[in-house]
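I would like to see how this sequence folds:
(one chain, ligands or ions: 1)
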Amino acid sequence: MNNTPWWASEDVWRKIAVWITAFMFVVLIFLTFDSVSKITAGSERVPPYSVINKRIGYEFNAERNMQVPVIGEQAPLFGQALTEEEAEALVTHGKKVVQGRNCMNCHTLLGNGAYFAPDLTKAWLDPAWGNEASRETLMTMFLKDPTNNARTFGSGRKMPNMNLTDEETRAVIAFLKWMSSIDTNGFPYNFKTIQQEG
Ligand code: HEC
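The predicted model follows:
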């Protein structure tokens, strides 16, 4: 005679394992779609690519107790307003340059990468670029020749010349501007913004 209670039988536990696995598989599919909808450009926290035509502010939100990007009036990158398609092509190009040149070997973007060099997630809003008018020019000069335009902030670390073309540089800056507009829940923490004039 078998004295094992029904709930301790091998058969019951096998069924429980199968049901839990199947259930979690469904949860995983749901979470995947949910995540994709939240990281897609044009969703609540990730603005459409054409946001590079706008001014991007970064303001303290008392309710959320964190810095939050604020999309402002028209302020086209390099003075050239782009359509959504053109902006997407440019930002995508910039992202591919960043991936292709392995900027993540030294930098962090949206939580991925290394800590040798400054976090690039909000680099567009970095106060060190000076005022808004000079920012695009200074970023271009820096990216084209980072050793001779080094800022280093006392770290003594210099960025090597990545030999970016003019077009690649423009695309990288577009990518950095778009990335800075993403609501990253205040990440990276304690990032100070450029003084934005009205
Ligand atoms: C070998 C390491 C290394 C690699 C690879 C690298 N960088 Fe840098 N980068 C640095 C260092 C170090 C600094 C800080 C020094 C400075 O500002 O002069 C820096 C600074 C920057 C800044 C200024 C950030 C700020 O807010 O001050 C930008 C923008 C930047 N890098 C973009 C890039 C891009 C785009 C790539 C890839 C094409 C790249 N970097 C690849 C080391 C690197």
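
ok, residues contacting the helix or strand containing residue 73?
Secondary-structure element containing residue 73, defined by DSSP states H and E: strand 66-74. With contacts defined as CB atoms under 8 Å, 6 or more residues apart in numbering, strand 66-74 is touched by 47, 51, 53-61, 81, 180-183, 185-186, 191, 193. Where C-beta positions appear, they are placed from N, C-alpha and C, glycine not excepted.

next secondary structure element downstream of it?
Reading on from strand 66-74 to the C-terminus, the next helix or strand found by DSSP H and E is helix 84-100.

from the contact counts, what lies against that following helix?
For helix 84-100, the elements it packs on are helix 166-180, judged by 3 or more CB pairs under 8 Å, 6 or more residues apart in numbering; DSSP states H and E.

before we move on, back to that, whichever of the contacts of strand 66-74 end up buried, select them in ChimeraX.
Selection of buried members from those for ChimeraX, criterion 16 or more other CB atoms under 10 Å:
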select :47,51,53,54,56,57,58,180,181,182,183,191,193
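
hey, where'd the strands end up in this structure?
Along the chain, the segments classed as strands by DSSP state E run 54-61, 66-74, 108-109, 112-113.

in this structure residue 88 contacts residue 41, no?
Yes: shown here, residue 88 and residue 41 form a contact pair, counting by CB atoms under 8 Å, at 7.4 Å.

who does the strand holding residue 73 pair up with?
The pairing partners recorded for strand 66-74 under DSSP bridges are strand 54-61 (antiparallel).

off-centre distance for the strand it pairs with?
15 Å (CA atoms, centre = their mean, to the nearest Å).

please give me every residue in contact with residue 48.
In this structure, residue 48 makes contact with 41, 42, 84, 87, judged by CB under 8 Å, 6+ apart.

switch the cut-off to 6 Å
For residue 48, the set of contacting residues under the criterion of CB atoms under 6 Å, 6 or more residues apart in numbering consists of 41, 42.

and it, what pLDDT?
Listed pLDDT for residue 48 reads 97.

what does residue 7 give?
pLDDT, residue 7: 89.

for residue 152, same thing?
What the model reports for residue 152 is a pLDDT of 75.

now the spatially closest residue to it that is not a sequence neighbour: how far from residue 136?
Computed as CB to CB, 6 or more residues apart in numbering, the closest residue to residue 152 that is not its neighbour in sequence is residue 158, at 6.2 Å. As for residue 158, its distance to residue 136 is 22 Å (criterion: CB to CB, to the nearest Å).

how about residue 5?
Using CB to CB, one gets 73 Å for the distance from residue 5 to residue 136.

those two - which one has more neighbours?
Remark: of residue 5 and residue 136, residue 136 carries more neighbours, 17 against 8, as counted by other CB atoms under 10 Å.
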